[in-house]
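[1] no sequence for this one, just the structure:
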């Protein structure tokens, strides 16, 4: 399958999904798992979060070919109670394991009011917000977190201490656009630093610090001789530590420096990332009609806040992303140069017939 794309010719969402599925099937991933993975990656691109979408397909394929990711992995529940479960991801694609885990958390929440599901033996799971939104679309509050290799320093430290450990939450609103917040606990996600390096651009001085702990605007130093800064200083550091507890300590996954990089370490070895998913059934505590009305009131109150000079609109978290997605579903996605370069790079892994622009 060959896809043509250029800055003035967006690619359709359907074509991009089919492209991803075709690539994944060719490395042994089942149709069901390929579809689940493509859904996460392409949905993320439609929302304009290009650092966590199809740009990463090349890295996943490399690991699938080398064996660090198992193409036919089967995530399974290894322990559970009425309101919780632990899942072993079987070294499979993080998107497959995480979708499975959030759905288990949702089932638990519908039975008991709240469901927690921890995951071990997983890998990079892409955009945390995708999984939180799964819950919100079924009128559950969704929370998704994960750990990663240390790439973020801590106040007073020199060098990496914790991962950029993402946190996402989604709140149902009564329609298909939940309130959605997806953030790294670093000042900025590492993917944005990589993107700046690929585009030969400088970065803001507060994003990373060099080996001496001094701010730098050179993205090429990361991650080998530079580290990310924690979001809001000690506050981001504390949140990252909470996420490490929920996703790694409790689950039995690799912690901090035990986690392998899905990008840089031996692709034949499992990374053993951890993750955790929480679902809260609002309907078990109050009527959904009342909940949606209260959320709507809060949204109206925020939007009616007096605006700063030259500001046309106060956004609700997730609003920009849902609007981008709505536009992409109609007009297609304009993939940035670094994403296109990564997809074209699949030729190095034996996918010459699948190149964009081939």
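    That came through, no problem. These figures come from a predicted structure and were not determined experimentally.

[2] quick one: contacts of stretch 99-106?
    With Cβ atoms under 8 Å, 6 or more residues apart in numbering as the contact definition, stretch 99-106 has outside contacts at 36, 40, 75, 77, 85, 87, 115-117, 119, 131-132, 134-135, 138, 140, 142, 144, 275, 277-279. For the C-beta atoms, the positions are set from N, CA and C on the backbone; glycine is no exception.

[3] now the buried members of these.
    36, 40, 75, 85, 87, 115-117, 119, 131-132, 134-135, 140, 142, 144, 275, 277-279 (16 or more other Cβ atoms under 10 Å).

[4] which of those fall within helices?
    Counted as lying in helices by DSSP state H, out of these, are 36, 40, 131-132, 134-135.

[5] nearest to residue 221, of those?
    Minimum distance to residue 221 across these is 30.0 Å, recorded for residue 40 (Cβ to Cβ).

[6] test my guess that that closest one contacts residue 133.
    No - the pair residue 40 / residue 133 is not scored as a contact, 10.6 Å apart, by Cβ atoms under 8 Å.

[7] and the next element down the chain from the lowest-mean-pLDDT helix or strand in the chain?
    When the helices and strands of the chain are compared on mean pLDDT, DSSP states H and E, helix 190-198 comes out lowest with a mean of 89. The helix or strand immediately downstream of helix 190-198 is strand 208-209, counting by DSSP states H and E.

[8] what does the helix or strand following that following strand contact?
    Where DSSP H and E defines the elements, the next helix or strand beyond strand 208-209 is strand 215-216. With contact meaning Cβ under 8 Å, 6+ apart, strand 215-216 is reached by 205-206, 208-210, 226.

[9] before we move on, the earlier item: nearest to residue 331, of the ones in helices among the buried ones among the contacts of stretch 99-106?
    Distance to residue 331 across those (Cβ to Cβ) is lowest for residue 40, with 21.4 Å.

[10] against residue 348, how distant is that closest one?
    23 Å (Cβ to Cβ, to the nearest Å).

[11] same thing with residue 10?
    According to Cβ to Cβ, residue 10 and residue 348 sit 25 Å apart.
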